[in-house]
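Participant: with the sequence up front, the predicted model follows.
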Amino acid sequence: MNTLEAAKILTSLRKLLELEGENKFKLRALELAEENLKSTEIELIEFISLVESKQVSGIGTQLLKDLKEIENTKTLKAYQNLKNVYTDSIFELFKIRGLGASKIKTLFDNLQVNSIEKLKLAIAEKTIHNLKGFGDKSIASIEENINFLETWKGYFCIDVHEIAIDNIISKLGPFVQTSGTSKTKEEVFNKIELEAEENKRDEILIHLKEKLFKEKFEAEDKELITFNFKDLPVELRFVKKLDALATSDNQKLVGILHTHTTYSDGQHSIEEMANACISKGYSYLGITDHSKTAAYAGGLSEDKLKLQGLEIDELNEKLKPFKILKGIESDILNDGELDYPDKVLEKLDFVIASIHSGFNISKKQMTERITKAIKNPFTSILGHPTGRLLLKRPEYEVYMEEVINTAIEYNKIIELNSNPKRLDISWNWLKKYKDSPLKIVITPDAHSISQIDYVKYGQLLAEKAQFSNDKIVNYGSLNDFLKNVNEN
Ligand SMILES: [Zn+2]
Ligand SMILES: [Zn+2]
């Protein structure tokens, strides 16, 4: 059992405790423990000993007890008891956007709804209309969100795909390689496609059938070995650490930009992030915590931003010749303005402008809002330009051509956010604009050290789009990057 698997058990427990009306301090403690476990990525037993020797903080006595129980029994009794009440299918409801714990609890208590199927029935039979908090508008949006989920059922993000491929190939040996979309890459996948050397194919198929998939393996033809993601055993999907994945041998990225630290909602300090970048061979790092409007993500007050700047100055002395840049991920406000006055923004090395709220406006308004932010002289980079969360939330309505053309006209950079849940801007746009002067930056939007490696996914998709390397601004040196930022 590793810490990722343990975190998953705690996440499931937390959702059920939310239904039980558990107090928010206990829920928050659980959430912090989950983040801690997820960002550590080691064997659970090692993590427990780190907690016991006080090398990891923030894990209380009860949580430590829970972790030991998970280590010994692979589960938690408290969790199993709750799961018996609500059943496994209740977790489907948490995936529906706009349906929080209190609404799920209302559905469960009044209509015994504990699955998407039952929820659809309650909508069809109009029994849901009698419940408090379920007006016509909210029901319509629930239906829309269920449709979205069902469209993408059986699909997984690129990180899960890459880890699974790596696991499978390491188990099957050197006679197997990727094929089809597994080779050419997509943003989301519902299958894995492999090719085996002809004289090894029978042997490999038997191995797949008997050892890896048990009875579930069906799909095969003469040339390709294809299987559905949903049939893939769970242990092949997640066990590997991201940085254990093979990275491309010619490291093109010189600097890492768009990272969050403990100043806002990140897991690690500036120094920890910087040292991680140094050990991975990068030569600069741009820190961009959230701005003050993003209170939910611990957005920085002007004073805190100033303090961060001082800390960065000190670290730059200490870590020379490595360079940490002072940046911010500024919310684009509803009127298209950035989140700090000019006198604050002008002290920064660069600014990423992003939309994090206020999605429900017209396509025209959204386009005006974003293009106004691009034109702001302090904006260097437009962050995750469509706001989509793959398999979870569609993009907001916006005239992308106009956004991209404005960026080109004002000499601004568009982000390829490589978080596997975003991959935003989509490679389709990059392909369309590959012969234009559009400049992009490939960022991890890292909230922890391990997420720095997300850049790999953005790189795969930029390659798929055949976007030329010399228009990817952080493929260049620190000076090149600063020149790009200051040109406008
Ligand atoms: Zn963001
Ligand atoms: Zn971010």
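Facilitator: Received the coordinates, thanks. Ligands and ions are numbered 1, 2, ... in the order given.

Participant: what is the burial count for Ser53?
Facilitator: If you count neighbours by other CB atoms under 10 Å, Ser53 ends up with 8. Every residue, glycine included, has its C-beta placed from N, CA and C.

Participant: for the residue of the stretch 251-400 of the chain found nearest ligand 2, phi and psi?
Facilitator: Residue of the stretch 251-400 of the chain nearest ligand 2, by CB to the ion: Glu329 (4.7 Å). The phi and psi torsions at Glu329 (degrees, to the nearest 10) take the values phi -100, psi 100.

Participant: you'd agree it is up against Ile352?
Facilitator: Yes - contact status for Glu329 versus Ile352: in contact at 4.7 Å, counting by CB atoms under 8 Å.

Participant: overlap in contacts, these two.
Facilitator: 258, 288, 383 (CB atoms under 8 Å, 6 or more residues apart in numbering).

Participant: in strands, which of these fall?
Facilitator: Under the assignment DSSP state E, the shared contacts of Glu329 and Ile352 contribute 258, 288 to strands.

Participant: all helices for the stretch 301-450 of the chain, in order.
Facilitator: 302-319, 342-345, 363-375, 400-409, 427-432 (DSSP state H, counting those that start in this stretch).

Participant: the one helix or strand Phe227 maps to: how far from the chain's middle?
Facilitator: Phe227 belongs to strand 224-228 when assigned by DSSP states H and E. Centroid separation for strand 224-228 versus its chain: 27 Å, with CA atoms, centre = their mean, to the nearest Å.

Participant: domain-wise, how is this protein divided?
Facilitator: If you go by automatic domain parsing, the domain ranges for the chain are 1-86, 91-151, 156-238, 247-486.

Participant: pLDDT (mean, whole number) over the third one?
Facilitator: This means domain 156-238. The average pLDDT for domain 156-238 rounds to 79.

Participant: enumerate the residues of the stretch 301-450 of the chain near ligand 2.
Facilitator: Selection of the stretch 301-450 of the chain residues close to ligand 2 by CB under 5 Å from the ion yields 329, 445.

Participant: redo that, cut-off 8 Å
Facilitator: Contact residues, the stretch 301-450 of the chain versus ligand 2 (CB under 8 Å from the ion): 329, 352, 354, 383-384, 417, 445, 447.

Participant: any chance of JSON lines for those residues, columns pLDDT, neighbour count and distance to Thr87?
Facilitator: Shown next, in JSON lines, are these (pLDDT from 0 to 100; neighbours: other CB atoms under 10 Å; distance: CB to CB, whole Å):
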{"residue": "Glu329", "pLDDT": "98", "neighbour count": "29", "distance to Thr87": "40"}
{"residue": "Ile352", "pLDDT": "98", "neighbour count": "25", "distance to Thr87": "43"}
{"residue": "Ser354", "pLDDT": "98", "neighbour count": "24", "distance to Thr87": "38"}
{"residue": "Gly383", "pLDDT": "98", "neighbour count": "27", "distance to Thr87": "39"}
{"residue": "His384", "pLDDT": "98", "neighbour count": "25", "distance to Thr87": "36"}
{"residue": "Asn417", "pLDDT": "98", "neighbour count": "27", "distance to Thr87": "36"}
{"residue": "Asp445", "pLDDT": "98", "neighbour count": "25", "distance to Thr87": "35"}
{"residue": "His447", "pLDDT": "94", "neighbour count": "21", "distance to Thr87": "32"}
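
Participant: before we move on, the earlier item: which helices and strands sit right next to the strand holding Phe227?
Facilitator: strand 191-196, helix 201-207 (3 or more CB pairs under 8 Å, 6 or more residues apart in numbering; DSSP states H and E).

Participant: any idea which of the ones you listed is most buried?
Facilitator: strand 191-196 (a mean of 20; mean count of other CB atoms under 10 Å).

Participant: next, the angle strand 224-228 makes with that strand.
Facilitator: Compare the direction of strand 191-196 with that of strand 224-228 by axes from the mean of the first three to the mean of the last three CA atoms, to 10 degrees and you get 160 degrees.

Participant: in the sheet, which strands lie alongside strand 191-196, parallel or antiparallel?
Facilitator: Using DSSP bridges, strand 191-196 pairs in its sheet with strand 176-178 (antiparallel), strand 224-228 (antiparallel).

Participant: out of these, which comes closest to ligand 2?
Facilitator: strand 176-178 (30.2 Å).

Participant: for that closest one, buried residues please.
Facilitator: Within strand 176-178, the residues that qualify as buried are 176, 178, counting by 16 or more other CB atoms under 10 Å.

Participant: for stretch 362-375, same thing?
Facilitator: Neighbour-count burial for stretch 362-375 [16+ other CB under 10 Å]: 366-374.

Participant: got a pLDDT number for Leu391?
Facilitator: 93.

Participant: how about the contacts made by it?
Facilitator: 149, 152, 155-157, 188, 421.

Participant: and which of those residues is nearest to Asn199?
Facilitator: Phe156 (31.4 Å; CB to CB).

Participant: ok, now which ones touch the nearest residue to Thr379 once chain neighbours are set aside?
Facilitator: Once flanking residues are discounted, Thr379 sits nearest to Ala353: 4.5 Å by CB to CB, 6 or more residues apart in numbering. Contacts of Ala353 were listed using CB under 8 Å, 6+ apart, and they are 330, 332, 338, 373-374, 376, 379, 381-383.

Participant: change it to 6 Å
Facilitator: The neighbourhood of Ala353, defined by CB atoms under 6 Å, 6 or more residues apart in numbering, consists of 330, 332, 373, 379, 382.

Participant: where's the residue lying farthest from the centre of the chain relative to Lys171, distance?
Facilitator: Distance to the chain centre peaks in the chain at Asn199, reaching 40.1 Å (criterion: CA atoms, centre = their mean). Remark: distance between Asn199 and Lys171 (CB to CB, to the nearest Å) = 19 Å.

Participant: hmm, which helix or strand of this protein has the shakiest average pLDDT?
Facilitator: helix 235-238 (a mean of 64; mean pLDDT, DSSP states H and E).

Participant: alright, calling it a day.
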